[in-house]
Structures are given as structure tokens and as C-alpha cells.
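Colleague: Output the structure for:
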Amino acid sequence: MNFRIARFPVIISIIISSVSIIFLNIFGMRIFGVNDVHDYRKGNRARQLSTVKFELFILPFSVFVYLRLIQLAKYVLAYNNNGMITDHAGKGKKSIYLQLIAIGTILWLFLGHATLFLYFIPDLVPRFLVMLSFLSIGLWYHIVIPLVAFAILTAVISELKTVNICHPFINKCFSKFSVLEAFCLNKNVQTAFTLLIAIFLCFFSYIFCDNLVIKNVSLNVKDLPNGTEGIRFALISDIHAGATVFKEKIEEIVDRVNSESVDAVFIVGDAVDAPRDSIENRVKPLRFLKQKTFYVSGNHEYYYGNASEWFDLFQKYGFEILNNRHVLFRGICIAGVSDYSSGESGLPAHKFQPVEALKGCPQNTTTIVLSHNPASAKEIAFNSAHLRVDLILSG
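Modeller: Numbers count the residues shown, from 1 in each chain. Reported below is the predicted structural model:
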């Protein structure tokens, strides 16, 4: 496939994508009605808008990958550079094979692009299709990033070869290391190598992605109340129930936490990735946490459905909901803030307010703050009221 011909669809897709994103940046809030509502729907609609813009952003990369994969397929099927089959004996079969590869590639790209939209309808899509979609987007990332890097490398080397001072050196290197030349300049070698590595990485990611990772961290904290030396907490973050996280995984998390000798549990946001009425059954195991449980919101609670419904449910489970408030636990002040971005959720009672959360905490005892986003640490530690903060725990 001629490079200039192959490059044309990518350029067109970049233009379409860029114009569409600019249009949505100007009119998107109005089209999606983000500012027309003043409740949880504001956050939901903002998420829908950002999802569409992201899909438009990655569209040119998908076009680029499609062309590279088809170029490789043609090479394997013995097509020449002009797109003609050199082995006429198998012309009919090879043409069919190429069509099947093209259809399969388009289907794979479609499933990858559909991934973010599945978060909005987790109970309407069969489980196997959800998993297939997430595997598709995983493979997409593993292919796109190396291929784009290879494309940049090829372009840079091609330009350097036009420079008189560089040309002899590059040719000398390539004459000694033919493999290096293939990886730097041969698009089919680059694509084949990337594809093999991507499949390998996706396979192992799929095998190990659900493994629970437990880290034990010991910290020295000042002014612990008497009797709390050696106190232990379990920190749980980013469960993301919904999409690919089902009930059995949450049961595993609960069983593991219950098997640990801890004094309390902190859930620091992004516990869910779907509306309550869609996946409530999946999170039911959380009610069986044996230890006192404290909960703060993450950004994902506000993306899908009414976050307040989740807070009501977790309160029924006996969780202490720390929405810009604090409680004393065995003499330690445990404060929690709403997510750093919760002010954009549309829920009036939800806004990142560290001073409100810390106000009233005894200044002569240990203060621990729970906040989902680590980016909020500076505003918490150096809060405007200069209130005491000894430890910030984030996801």
C-alpha cells in the first residue's frame, strides 16, 4: 500500500475528529443539556459529553491501526505494493481472507470504542460481550502506543537520512544490523512485532488483572490516643463495581478484609461504576464487612446515576459516610471529603470542602483525612483554616 494513499484516510479522520471536538467544546454543554439541570443528571451528562469527545479523539488512531493491520495482511497474503495479488493461483481465496480480516478488524475496533458506553448500560449487555469489549480496548492500547511510536521513529530516521552528515552513519548502522533497519523502517515488521507483543500482554493482563494486591504499610503518627498504638486500618480503593467487576470479586474482597485483623475499614472512593438500580445486587457483599467502615466518594460515583442513592445504601450497610464531615474513632479524628471534582456533579450538598470536614476536630489528637484523589492532598494539608492534618489516605 502506497504510504501517501494510506496516510490520506488518517489525515481526513484527524480533521473530522478535530472539527467535531472543537464543535463540542463550543456547543457540547448545550447539546447535552449539562447546564439545564441542577441535580445528579448534570454530572451524568457531563460524563456522556466527555465520553463522546474521547471517542472522537481516539478515532484517528483507530483508522491508523486499521490501515497498518490491513497493510500487514496484504503482505502476508502476497499482495504487491500496488494492492495486486502476485500469486494468481490463490487469488479468490486470498481476496476472501482479506475481506474477513478487514471485517474482523472493524469489529474489534467497534468493540473497543464501545467500552466506555457500556458503563451506562451495565445490566443490558451480556457478560461475555462486556469482557470481550474490555479485552478489545486493552488490545487497542497495546497496539496503538507502540505503532505510533514506531511511526514517529520511522519518520525521524527518514528525515535524518536526508541530512548529508547523518546519511552515511545511518547506512553504516543499518548495514551492520539489518534487524535494526527492519524495526526502524519496515512497517510490516513493526506491525507484526507489535501485534505479537500486544496479544501476549493482553493474555497475561487478563490472567492476572483480578488478583487482589495487599500492601502492608507501617506509619509513625504523632499524638495517638492512649490504647491505640499499633492500630490497624484496611484501605480499599477503586473497586469499580459494574462493567467487569461482579459480585464474586466483591465477595473475595470482603472475605480477604475480614480475614485481616484490622480495627476499621476505609473505602476511599470509586466503589461503583454504575447506577444503583443496575448493580445493587453486586455490591451486597460489602454489608458483611465486620469492622467499622468509613466511606468517601470518588469521581466515578457521580458519573452514572444518582450518587445519593449509593450513599443511602451504604448508610444502610452501617457505613459512616464522611461527606465533608468527621467523627471520632477511639480518640482519633477521622475526617472525609467529597471527591475533588464533586462540585461539578450537580448535587448541591457535594463539594470538596476540607475545612468543613476538619472543623471541630480536636487539635491535640491525631487527625486522619480520607480523600479519593491524591491531587487534593496539598489543599487538605495546607487548608485555609490551618487545621491539623497528620495523615491523608487516598486511592
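Colleague: what does the lowest-mean-pLDDT helix or strand in the chain contact?
Modeller: In the chain, the helix or strand scored least confidently by mean pLDDT, DSSP states H and E is helix 167-176, which has a mean of 85. Helix 167-176 is contacted from outside by 157, 160-161, 180-181, 184-185, using CB atoms under 8 Å, 6 or more residues apart in numbering. Using the backbone N, CA and C atoms, a C-beta is placed for each residue, glycine as well.
Colleague: for the helix or strand following that helix, packing partners?
Modeller: For helix 167-176, the succeeding helix or strand toward the C-terminus, using DSSP states H and E, is helix 178-185. Packing contacts for helix 178-185, counted by 3 or more CB pairs under 8 Å, 6 or more residues apart in numbering; DSSP states H and E, involve helix 127-160, helix 167-176, helix 187-208.
Colleague: could you redo the ones you listed as TSV and give each row mean neighbour count and distance to Val37?
Modeller: Formatted as TSV, the helices and strands packed on helix 178-185 follow (neighbours: other CB atoms under 10 Å; distance: least, CB to CB, whole Å):
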stretch	mean neighbour count	distance to Val37
helix 127-160	16	28
helix 167-176	12	59
helix 187-208	15	38
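Colleague: Out of the ones you listed, flag the one nearest Ala349.
Modeller: Using CB to CB as the measure, helix 127-160 is the one of the helices and strands packed on helix 178-185 that comes nearest Ala349, at 32.6 Å.
Colleague: Just the strands from this protein, written as ranges.
Modeller: Secondary structure of the chain (DSSP state E): strands at 233-236, 264-268, 292-296, 320-321, 325-329, 332-336, 367-370, 391-393.
Colleague: would you list these in TSV and tack on mean pLDDT and mean neighbour count?
Modeller: Shown next, in TSV, are these (pLDDT from 0 to 100; neighbours: other CB atoms under 10 Å):
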stretch	mean pLDDT	mean neighbour count
strand 233-236	96	20
strand 264-268	97	23
strand 292-296	97	23
strand 320-321	97	18
strand 325-329	96	17
strand 332-336	96	25
strand 367-370	97	25
strand 391-393	96	18
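Colleague: Any chance of CSV for these, columns distance to Val130?
Modeller: CSV is the format used below for the strands of the chain (distance: least, CB to CB, whole Å):
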stretch, distance to Val130
strand 233-236, 23
strand 264-268, 24
strand 292-296, 26
strand 320-321, 29
strand 325-329, 36
strand 332-336, 31
strand 367-370, 30
strand 391-393, 31
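Colleague: which residue ends up closest to the midpoint of this protein in space?
Modeller: Leu116 (9.5 Å; CA atoms, centre = their mean).
Colleague: How about it, nearest residue that isn't a chain neighbour?
Modeller: Thr51 (4.8 Å; CB to CB, 6 or more residues apart in numbering).
Colleague: Look up how far Thr115 lies from that neighbour.
Modeller: Going from Thr51 to Thr115 by CB to CB, to the nearest Å gives 10 Å.
Colleague: Low-confidence ranges, the stretch 51-200 of the chain, go.
Modeller: For the stretch 51-200 of the chain, residues meeting the criterion pLDDT under 70 lie at 79-91.
Colleague: Lys249 is nearest to which of the strands of the chain?
Modeller: Closest to Lys249 of the strands of the chain is strand 233-236 (CB to CB; 12.3 Å).
Colleague: Now Thr228. Its backbone dihedrals?
Modeller: Backbone torsions of Thr228, given as degrees, to the nearest 10, read phi -110, psi 10.
Colleague: any idea how this structure splits into domains?
Modeller: Under automatic domain parsing, the residue ranges defining each domain of the chain are 3-208, 233-393.
Colleague: Redo the ones you listed as TSV? Include distance to Asn226.
Modeller: What follows is the domains of the chain, written out as TSV (distance: least, CB to CB, whole Å):
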stretch	distance to Asn226
domain 3-208	43
domain 233-393	8
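Colleague: Deepest-packed of the ones you listed, please.
Modeller: domain 233-393 (a mean of 19; mean count of other CB atoms under 10 Å).
Colleague: okay, how far is it across that one, tip to tip?
Modeller: Domain 233-393 has its terminal residues 11 Å apart, counting by CA to CA, to the nearest Å.
Colleague: Over to stretch 215-229?
Modeller: Note: stretch 215-229 ends 20 Å apart using CA to CA.
Colleague: hmm, who's touching it?
Modeller: Counting by CB under 8 Å, 6+ apart, residues outside stretch 215-229 touching it are 231, 330-332, 364-366, 368, 390-391.
Colleague: isn't Leu289 right next to Val254, touching?
Modeller: Yes. Assessed by CB atoms under 8 Å, Leu289 is found in contact with Val254 at 5.8 Å.
Colleague: If you count contacts, what does the lengthiest helix in the chain end up packed against?
Modeller: Secondary structure of the chain read by DSSP state H shows that its longest helix is helix 40-76. In terms of contacts (3+ CB pairs under 8 Å, 6+ apart), helix 40-76 is packed against helix 3-31, helix 91-118, helix 127-160, helix 187-208, helix 307-316.
Colleague: Reformat those helices as a markdown table; add distance to Asn373.
Modeller: Shown next, in a markdown table, are the helices and strands packed on helix 40-76 (distance: least, CB to CB, whole Å):
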| stretch | distance to Asn373 |
| --- | --- |
| helix 3-31 | 23 |
| helix 91-118 | 20 |
| helix 127-160 | 23 |
| helix 187-208 | 25 |
| helix 307-316 | 15 |
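Colleague: For Phe382, find the nearest of the ones you listed.
Modeller: The minimum distance between Phe382 and these falls on helix 307-316, with 27.8 Å, by CB to CB.
Colleague: Measure how that closest one sits relative to helix 40-76, angle-wise.
Modeller: Counting by axes from the mean of the first three to the mean of the last three CA atoms, to 10 degrees, helix 307-316 lies at 100 degrees to helix 40-76.
Colleague: just how off-centre is helix 307-316 within its chain?
Modeller: Chain-centre distance of helix 307-316: 24 Å, with CA atoms, centre = their mean, to the nearest Å.
Colleague: what's in contact with that helix?
Modeller: With contacts defined as CB under 8 Å, 6+ apart, helix 307-316 is touched by 40, 43, 271-272, 275-277, 280, 283, 286-287, 295, 297, 301, 321, 323, 345, 347, 350.
Colleague: so can I have a markdown table of the helices and strands packed on helix 178-185 showing distance to Ala241?
Modeller: Shown next, in a markdown table, are the helices and strands packed on helix 178-185 (distance: least, CB to CB, whole Å):
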| stretch | distance to Ala241 |
| --- | --- |
| helix 127-160 | 13 |
| helix 167-176 | 52 |
| helix 187-208 | 19 |
